[in-house]
Each structure stands twice: as structure tokens, then as C-alpha cells.
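S.K.: here is my input, please return the structure:
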Amino acid sequence: MDYTIITITLLLALFVLLGGGVWVALSLLGVGIIGMELFGGAPAGSILASTSWASSASWTLTALPLFIWMGEILYRTRLSEDMFNGLAPWMRGLPGRLLHVNVFGCGLFAAVSGSSAATAATIGRISLPELKSRGYPESIAMGSLAGAGTLGLLIPPSIMMIVYGVAAQVSISRLFIAGILPGLLLLAIFSGYLMLWSACNRSKLPDEGERLPFMEKLRRAKLLIPVLGLIIAVIGSIYGGIATATEAAAVGVVGALLIALCSGALTRETFMASLMGAVSTSCMIFFILLGAAYLTSAMSFTGLPSALADWIIAKQLSPYLLLLALTLFFIALGCFLDGISIILLTTAVILPAVQAAGIDLLWFGIFVILVVEMAQITPPVGFNLFVIQNLTGRNLGAVARASFPFFLLLVLAAILITLFPQIVLGLPEAMRGA
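M.R.: Sure, this is the predicted structure:
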């Protein structure tokens, strides 16, 4: 069978469908049906029926709507305002001062949200007006928010990790633990860049203003207790072996409801809005999962993934060269597709090749998520760019230019975890050995 013809045919069909405005899930189903009918040699309808059940009847997937609901609940509380007020006094002593609130605020909210766009929107609706009113340059405020918002994908609990874990058959609990150190590394890189930028642009920063006494700082830090408690409950229960990822998601929902209740934000209207938001987002993701699962089955019947793996073995491509090629491929896809679609669209084809190159699938999951983070700030389909454009009213080009340095910092983080894989694998190995 000529695999070049299969590849060209399926890619052409995909681009025609996506270019025509067809939903991503329907496009994946359509390409799967074309591949099955023309090259698979199996009944497309029967395979669709069995794949639909197999892809949806997964207990692991229960964590997905629960974590989404947790984020939706917290989005409707005063959590972002409390986080700004709790963090701001401690950030004034750092070079760059309140710009760091974007980074640390996104890092904290990422640990209870799981969504990049939700993280950027929640923190940005408080921090951007505050920074603007205090005289901070808008470009660095927008860029730091766009970059730090991507932490929602990497710092657990991450919706993207659940999607990858299901698609690649990798433990979601181990993925969550593996994402902790890379997430902290990325947070440190962003914060370090803001310090360097501020050292070179001191004249652009406003006066520090009145310093708060230490006891007042501690009093305001109490505002961070709810979010820190929720992080410990969710991530600590997983790391301590007390709960699975799904059980930890249920704990997170209960904790989010308690925070909303205590803050006075839990009303019938907000409860129903959060529930409908979670249902809408979950259905969208599950529909894409179904399309990707069917495309995966079609690919296996055509023999394309195994042929690609054999080709890579024959060419003796080094793991570094393969990762470089995949990085460029993912960045190109990120110009046109969202992160979930990228992972589900490519998993069936590239994972056999990745395994053939001897790359650990747990490590590769974190690497892929880090690269997909770049897609969140890559025009023209960068979700974080759209969020910030909506918050500021600036055009997409200005937001993209402000975000470009943070795109390069994401590239740096990807290089570091490639050179030092224990950044990713250290904690999961320690958890397994415990």
C-alpha cells in the first residue's frame, strides 16, 4: 500500500473540512470515515459504533467534567480579587513589582482551574485594570498575562493532561505529579524575565508607593488561604496516595462550592451558570474525543502509524531530531487549531514513532503540553490572545507582539526539560518508590 497517497489524501480531506468551517469533531469523524472506506478495508459503521462506546465508557474521563466544573465555579467567585490583594503586598519588593502578580496569580489559579483561557481571563479581569491605573506599561502587562495564563495547561490539575492521558493510556495521576516541577520552573522563568525586563526599563515603571507593614502583609495573605487549601486538598490527596485523579476532582468541586458559599458568590444563578458552562465545555471535548478515537481506529486499519514508526527506525532519527521536528509541527498546527484538537489529532500517528525512538510517554506528555502552550499565544488561533484582546480592546497584532518574548521563554522551558528529563520524571519516580 502506498502510504504517501494515504497521507496526502487524509491531510487534504482534513484541511478541506477544517477550512470549510466544519466543527473539529465532525472533521475528524469525516477523515476517519474516508480513511476507513478507501484504505481501511473494514466496515466504517460498525467500527464507529464500537469506537463510540469504547472511547466514552471510561471511568478515567469522569475527572474531566469535574475539574471543568471546579474551574467554572471559581471563575464566578471573588477569588481573583482576593488573590490580587493577597499577593500584591509581597510582590512590591521584587524588581518589576506588581507585574509579578500576573505570574504568581496565574500560577495559583492554574492549580485549581486546569484551563489556560480561564486562568488568563480570571486573573486578567482584575490585574490588567489595576496595573493600568497604577501606570505600568500595557505591553508588558498583556504579555506577562498571556504567557502566565498558559500555566493553566501545565500546572495540575490540567484538562489537557487528562485528554493526553486518556489518548496515550498514561496514568493521569502520574501526569499531574510530573507537571508540578515543570510548572514551577516555567513560573520561575517568567518571573525572572520580568526582573530582567524591569532592570533594563526602570524609567517605565511607576513609583512603588507606600510600603505596608509586615503585619498588614500577613493579614492580607490570609486571603490566599482558600485557594492554597484547595490546592493542597486536590494535589496533596493525589501525591499522598489518598485519592485517584477522579476522586481528587470530586474533592475539588466540593472545595470550590465551599469557597463560593463562604464568599457569598454561590447563588442559584451562579450555580446553574457554572453547571451549564461545565456541561457545554465537557460535551465539546467529549465530541472531539469521539472523533479522534474514530480517526485513531481508522489510522490503525490503514497501517499508517506503524509504517511511520518503521520509517523512523529505518532512518535512525535521533530522539532530539524527532522532538525538534515534532515541535515545529505542533507550533504550525497551533496557528490553526486549539490544544485539545492538536493532541487528539496527532496522538494516533506520532505515539508509535515516539515509542520507537525510545522516548518515555509520561515525559512526552509534559513536553507536548508545553509545546501546545505555545499555541495558546500563537496567532491567528491563540485562545489566550483572544482573551486578552477582549479584556483590553487592543488589536490581535499588538497582543501577539507583547506575548512574543514569553513564547521564547516557553521554547527555553521545552529545551530545559529535554536536556534535563528528571525535571519531569523526578517526582513520579519518587512517588512510585514511596
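S.K.: from residue 364, how far off is the spatially closest residue to residue 329 that is not a sequence neighbour?
M.R.: Closest residue to residue 329 apart from its sequence neighbours, by Cβ to Cβ, 6 or more residues apart in numbering: residue 346 at 7.7 Å. Where you see a C-beta, it was placed from the backbone N, CA and C, and this is true even at glycine. Computed as Cβ to Cβ, to the nearest Å, the residue 346 to residue 364 distance reads 12 Å.
S.K.: which one's more surrounded, those two?
M.R.: Counted by other Cβ atoms under 10 Å, residue 346 and residue 364 do not tie: residue 364 has more neighbours, with 22 against 18.
S.K.: ok, the more buried one - contacts?
M.R.: 168, 354 (Cβ atoms under 8 Å, 6 or more residues apart in numbering).
S.K.: how near is it to residue 337?
M.R.: For residue 364, the distance to residue 337 - Cβ to Cβ - is 19 Å.
S.K.: what about the stretch 301-434 of the chain, any weak spots by pLDDT?
M.R.: Applying pLDDT under 70 to the stretch 301-434 of the chain picks out residues 305, 308-309, 312-313, 336, 338, 380-381, 433-434.
S.K.: same thing but at 80, please
M.R.: Filtered on pLDDT under 80, the stretch 301-434 of the chain yields the residue ranges 302-317, 332-342, 344-349, 375-376, 379-384, 386, 390, 396, 431-434.
S.K.: check the stretch 101-250 of the chain too.
M.R.: Low-confidence segments of the stretch 101-250 of the chain (pLDDT under 80): 112-118, 122, 207-214, 238-241, 245.
S.K.: which stretches of it form helices?
M.R.: 116-133, 138-149, 151-154, 159-168, 172-178, 180-200, 214-221, 225-239, 245-262 (DSSP state H, counting those that start in this stretch).
S.K.: out of the ones you listed, the one nearest residue 314 is which?
M.R.: The closest of these to residue 314 is helix 159-168. By Cβ to Cβ, the value is 23.8 Å.
S.K.: who's in contact with that closest one?
M.R.: With Cβ under 8 Å, 6+ apart as the criterion, helix 159-168 contacts 58, 60-61, 63-64, 67-68, 114-115, 153, 170-172, 175-176, 179, 245, 285, 289, 292, 296, 339-340, 343-344, 347, 351, 361, 364-365, 368-369, 372.
S.K.: picking that back up, and among the helices of the stretch 101-250 of the chain, the most buried is which?
M.R.: helix 151-154 (a mean of 29; mean count of other Cβ atoms under 10 Å).
S.K.: quick check: buried residues in the biggest helix by length in the chain?
M.R.: For the chain, the longest helix by residue count, based on DSSP state H, is helix 268-302. Within helix 268-302, the residues that count as buried by 16 or more other Cβ atoms under 10 Å are 270-271, 274, 277-278, 281-282, 285-302.
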